[in-house]
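**Q** Predicted model and sequence follow; I will ask about them next.
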Amino acid sequence: MRAPSSRTTRPEKPLTPAALERSALWHLSRRALTRAQLQGLLQKKAARAAAVHGPRDEVQGWIDALLARLQDSLLVDDARVARARVESGRAAGRSRRALQARLRRDGVDAATAAQALQSVDNDRGGGADAELHAGSTWARKKSLASKDRTRALAALARQGFSFDIARRALDAVAAAAAAHGDEPDVDHDDGAGPRAR
């Protein structure tokens, strides 16, 4: 929960189509948004105005018309936003499952999300290779190769990587570290059974 703001808030003005458009353009100038995200922001603005000035039946129609215009002019493009989020997520080492969940939260439909994932993964050498590369990136960033292997596998699983990808990613990171002469102290238990003591 946020603490109350120390700055004074301006009184909410009556809502007009022009005010909605200004608000939408301001939000879009700050970052790329999906249609669902922008719709949610505009509906919050409408709710704040309705709390002060009373509800207006035509506001949802204004929002729908504005969103349609913004989509026609490509200022709101879910496919472009999805591709950008997948590219940055893959570069950060995010799994396919984690990216799908993020796109779903952002309001991107399943077909658009699948197309963005497929396109970016094809650019990175195919689905399995892209997933392995992302897993290796995540393991390297979090220094998982130097940790207990079972815990490292669990950490990768929590990020949405399959057991096979997690195991191969840890092996790749350990091999790269060994090639550079800074071999980590790795417990090579792959989590498949009880460890011998």
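**A** On my side now, so go ahead.
**Q** Okay, the most centrally placed residue in the chain and Ala172: tell me how far apart.
**A** Centroid check for the chain by CA atoms, centre = their mean gives Arg102 as the closest residue, at 3.9 Å. The gap separating Arg102 from Ala172 is 24 Å, by CB to CB, to the nearest Å. C-betas here are computed from N, CA, C, even on glycine.
**Q** Spell out the secondary structure type for the residue nearest to the centre of the chain.
**A** helix (DSSP: H, G, I helix; E, B strand; the rest coil).
**Q** what sits against it?
**A** Going by CB atoms under 8 Å, 6 or more residues apart in numbering, Arg102 touches Arg85, Gly89, Arg94.
**Q** which residues of this protein score low on pLDDT?
**A** Residues of the chain meeting the criterion pLDDT under 70: 1-8, 182-197.
**Q** For it, which segments count as helices?
**A** Using DSSP state H, the helices of the chain run over 17-30, 35-53, 59-72, 78-91, 96-105, 110-123, 127-141, 149-158, 163-179.
**Q** got a list of what Ala92 touches?
**A** Taking CB under 8 Å, 6+ apart, we find Ala92 in contact with Thr137, Trp138, Lys141.
**Q** From Ala47, how far off is it?
**A** Taking CB to CB, one finds Ala92 at 34 Å from Ala47.
**Q** Mind splitting this structure into its structural domains?
**A** 17-76, 79-179 (automatic domain parsing).
**Q** how far does the shortest one sit from the chain's center?
**A** Domain 17-76 sits 22 Å away from the centroid of its parent chain (CA atoms, centre = their mean, to the nearest Å).
**Q** for the last one, same thing?
**A** Distance of domain 79-179 from the chain centroid (CA atoms, centre = their mean) equals 12 Å.
**Q** Now do the end-to-end distance for it.
**A** One end of domain 79-179 sits 40 Å from the other (CA to CA, to the nearest Å).
**Q** And for the first one?
**A** For domain 17-76, the first and last residues are 17 Å from each other (CA to CA).
**Q** Next, count neighbours for Val120.
**A** Residues lying near Val120 (other CB atoms under 10 Å) number 21.
**Q** ok, now which ones touch it?
**A** Val120 neighbours (CB under 8 Å, 6+ apart): Arg83, Val86, Glu87, Arg90, Ala130.
**Q** Out of those residues, which is nearest to Asp57?
**A** Checking the contacts of Val120 against Asp57 with CB to CB, the nearest one is Arg83 at 37.1 Å.
**Q** My guess is that closest one contacts Ser119. True?
**A** Yes - judged on CB atoms under 8 Å, Arg83 makes contact with Ser119 at a distance of 6.4 Å.
**Q** picking up where we left off before, redo the domains of the chain as CSV? Include distance to Arg10.
**A** Output for these, formatted as CSV (distance: least, CB to CB, whole Å):
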stretch, distance to Arg10
domain 17-76, 11
domain 79-179, 29
